[in-house]
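K.L.:
below are the sequence and a predicted model; questions follow.
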Amino acid sequence: MQRQLVSRIIESRRDHPTAQSVFEQAREQMPSISLGTVYRNLQLLVDQGRLLERKIGNRPARYEAQRQRHYHICCVECGALEDLSVPYQEILDRRVQRMVRYQLQEHRMEFYGICPKCQQRCQQKPGGKQRAAS
């Protein structure tokens, strides 16, 4: 029952929630659920291949339901993580597989930058500077 609740919460969201966020939403429907239970169920769902876990730097992991392949963009300031509506390039998978002769399991392509909200916050600070693009 708890696992189903955690799974439903992730599947209903498009914002790549953290375990803490899933826990807060789960408590609204099941007040007795603990944060540890949410973490255990998230890990089990990841192990079963039903969820994807995204770890960006030292920020808390974010989760998403297994859907069609896609790319992400991550804000290096606040950690926001968004799906990109750029078509997935299967040809890249095939090229890499031919080059290295590995049987690919998956790959992740993530873009990093500063989101519009953080850009605005940076510009509003006295002497605020944006990081240079690399």
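P.N.:
Perfect, I can see it now.

K.L.:
list the contacts for Tyr112?
P.N.:
Counting by CB atoms under 8 Å, 6 or more residues apart in numbering, Tyr112 touches 73-76. For the C-beta atoms, the positions are set from N, CA and C on the backbone; glycine is no exception.

K.L.:
which SS class is it?
P.N.:
Classification of Tyr112 using DSSP: H, G, I helix; E, B strand; the rest coil returns strand.

K.L.:
what's opposite it in the beta bridge?
P.N.:
Cys74 (DSSP bridges).

K.L.:
for the longest helix along the chain, packing partners?
P.N.:
Ordering each helix of the chain by length in residues (DSSP state H) puts helix 35-47 first. Counting contacts by 3 or more CB pairs under 8 Å, 6 or more residues apart in numbering; DSSP states H and E, helix 35-47 packs against helix 2-12, helix 19-29, strand 51-54.
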